[in-house]
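**Q** Build the 3D model from these lines:
(one chain, ligands or ions: 1)
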Amino acid sequence: MADQVDPFYASVIKYFDNAAPHTGLHAGLLEQIKQCNAIYKINFPVRIGKDYKIIEAYRVQHSQHRTPTKGGIRFSNHVNQQEVMALATLMSFKCAVVDVPFGGAKGGVKINPWELTEMDREKITRRYTHELIKRNFIGPAIDVPAPDYGTGPQEMAWIYDTYRTFKGDDINAAGCVTGKPVNLNGIQGRTEATGRGVFYGIRTVLEQAKDMKAIGLEPGIEGKTIVVQGLGNVGSYAAKICQDEGGALIVGIAEVEGAIYNPKGMDIHKILKFRKETGSILGFPGAKKEYKQRSRKKAMEFECDILIPAALENQITVENAPKVKAKVVAEAANGPVTADAEAILLKKGIIVIPDFYLNAGGVTVSYFEWLKNLSHVRFGRMDKRFNERTYSGLVKLVEDTTGKTIGRSEKDFLTKGGDEIDLVRSGLEETMINAFHQINKVKTSKRSVKDLRTAAFVSAIQKMGSDYMTMGIFP
Ligand code: GLU
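**A** I've put the predicted structure just below:
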C-alpha cells in the first residue's frame, strides 16, 4: 500500500488540485494546506476468546490551522492508511466550509465490528483510546473524535470514560469526544444531524430557481423523486426527513442485500420497519421492482430526480457514471463519486452536491456538543422560560389591543422558548444555508469555477489560507 495511491485519496487530491489554481494562494501555502500534518499508526494486541489479535489502527490529523482537530473514528475491515488520510483531509475542508472552527482529523480501526461481541468492541475501543492518550492524540483542546462508519454513541461513551479515567483532573474531559449518548454529556439531535444536514443542503440547492431551470426541474424539494443508497444512520435519517419535512418521494433504496424501486414512491418508515423485522428490504410489499444482491448497484441507474449515495466511498465510478439518470447527485457519504466519474456527471449536466458540504451536519452538531461540554450547561436552560414569559406578554398585549383571541395552537407556537433540540436544529439549518450561499457566491463570482465542488474547495481553501497567513506562517 505504501507506494500505491488509494483511489479515494487520489480523488480527494485531484479535487484539491483542480480547485487550487482558483484560490490565488501561494503554491507553498497550498502544499501546506494539502498535506496531512500528522499520521499515527498503531498495532496493538487484543485477546479475543482464546486468540490474540493484532489490531491495525490509525489517527490522522490533517491540519492544525485551528485546534482542536476533529473527525470520526471508523471501524471497518477496509480501513487503510490512505483511506484515513483522505477522510481526515476532507474533514479540514468540511469544517472550513461550514465555519466550524476545527482542523480536520480521522481515525480508523481495521476490524469488522459486526463480527465482534460488545465486550470485544469495548476492549478494542478502550485500548485504542489509551494509545491515543499516550501520544497526546486526544483531548478537548487537541483532537476530538466522533462516530463514523461502524461506530456510534456506545463507542463514544467508552472513549469518554477511558479518557476521564486517565485525565480525571480535566474539568473539560467531556469535550474529548462528541456523539456521546445524550445522558452522558451528549446533545439532543446529534444522531440525526448528518441526515438532517443532508436534507437542509438538498432543499437549499433545490431552491435555486435558475439552477433548477437549467436541469429541467421545478424549484423546491416537494414532490421530487429520491433514490437512497445505504440505510445506515445518515441514509435513513436523510430519507425520513426528506419525505416527512420536505414532501419528497422515496422511489428507490439500495442496501447490501439488494435494491427496491417503485416510481410512485414508498413510505420510508414502512421500509425501515420491514427491514428491522425481516433483516432485508427484499420482499417489501410496496416495491414494484427488486434487484438481488449481485445487481444492487443498479440502484445508481434508477430513474429519479435526486440520487443520494449514503454508504461508502467509490460508489459512482467511470463504469456506472454514464448510466446515472438522476438530475442531482447528493453526496451524503464521504467520497462516493470518484473524480473521474464526477467529470462524466458534470458533462451530462448533473448537479453534484459535494460530500464535505452536504454531510457537514454531523460535525456541526458535534461542534454544538463540544460547546455544551465546555460551557457545562445545556442549550436553552438559561433563557427558555424567560423568553416564554416575554412572548406570552407580547401575545397578551396583541390580544388586549385588538380585542381578538389568538387560537391555542398559534399561541403555543408564538410563545415557545427554545429547547436544546430546537436550538440545535435551528443552528444546523442556519449553518447549512449560510455555507451554501458562501459556496454559491464563489461559483457565481468566478467565471472559471463551474461546479459546486470546486467552489466549495475554493471557499474552504481560502479560509484555511487566510488563517495560516494571519498567523504569519506564510507572510
Ligand atoms: N464522522 C462524521 C463526518 O465524517 C462526523 C465527524 C465529527 O462529528 O467530528 O463528518
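**Q** Please report the distance of Lys264 from the ligand.
**A** Using CB to the nearest ligand atom, to the nearest Å, Lys264 is found at 34 Å from the ligand. From N, CA and C alone the C-beta is placed, and that goes for glycine too.
**Q** Check whether that residue sits in a helix, strand or coil.
**A** coil (DSSP: H, G, I helix; E, B strand; the rest coil).
**Q** and stretch 320-336, average pLDDT?
**A** Average pLDDT, stretch 320-336: 97.
**Q** where does the stretch 1-150 of the chain come near the ligand, residue by residue?
**A** Lys70, Gly71, Gly72, Lys94, Ala146, Asp148 (CB under 6 Å from any ligand atom).
**Q** Produce a ChimeraX select command limited to the buried residues of those residues.
**A** Applying 16 or more other CB atoms under 10 Å to those, the buried members can be selected in ChimeraX as follows:
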select :70,71,72,94,146,148
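**Q** Can you add secondary structure and give the residues of the stretch 1-150 of the chain next to the ligand back as TSV?
**A** Shown next, in TSV, are these (three-state DSSP):
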residue	secondary structure
Lys70	strand
Gly71	coil
Gly72	coil
Lys94	helix
Ala146	coil
Asp148	coil
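**Q** The residues of the stretch 1-150 of the chain next to the ligand into CSV, with extra columns for distance to Ala330?
**A** Shown next, in CSV, are these (distance: CB to CB, whole Å):
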residue, distance to Ala330
Lys70, 23
Gly71, 21
Gly72, 20
Lys94, 15
Ala146, 22
Asp148, 19
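**Q** So, low pLDDT: which residues of the chain?
**A** For the chain, residues meeting the criterion pLDDT under 70 lie at 1-3, 473-475.
**Q** Mind doing that once more with 80?
**A** Scanning the chain for pLDDT under 80 picks out 1-4, 472-475.
**Q** hey, which helix is longest across it?
**A** Taking DSSP state H as the criterion, the chain has its longest helix at helix 420-445.
**Q** where exactly do the strands run in the stretch 301-450 of the chain?
**A** Under the criterion DSSP state E, counting those that start in this stretch, strands of the stretch 301-450 of the chain are mapped to 306-309, 328-330, 351-353.
**Q** what does the stretch 301-450 of the chain have sitting close to the ligand?
**A** Asn334, Asn359, Gly362, Val363, Ser366.
**Q** how near is Val79 to the ligand?
**A** Taking CB to the nearest ligand atom, one finds Val79 at 14 Å from the ligand.
**Q** wait, isn't that residue in contact with Lys110?
**A** Yes: judged on CB atoms under 8 Å, Val79 makes contact with Lys110 at a distance of 4.3 Å.
**Q** more crowded one of the two?
**A** Val79 (22 against 19; other CB atoms under 10 Å).
**Q** State the three-state secondary structure for that one.
**A** coil.
**Q** Quick check: it vs Gly108, distance?
**A** 4 Å (CB to CB, to the nearest Å).
**Q** Which residues are in contact with each of those two?
**A** Common neighbours of Val79 and Gly108 (criterion: CB atoms under 8 Å, 6 or more residues apart in numbering): Ala57, Tyr58.
**Q** The nearest residue to Gln81 once chain neighbours are set aside: how many residues sit nearby?
**A** In space, and not counting its chain neighbours, Gln81 is closest to Tyr58: 6.0 Å by CB to CB, 6 or more residues apart in numbering. Neighbour count for Tyr58, taken as other CB under 10 Å: 25.
**Q** Over to Tyr58: give its phi and psi.
**A** The phi/psi pair for Tyr58 (degrees, to the nearest 10) reads phi -140, psi 150.
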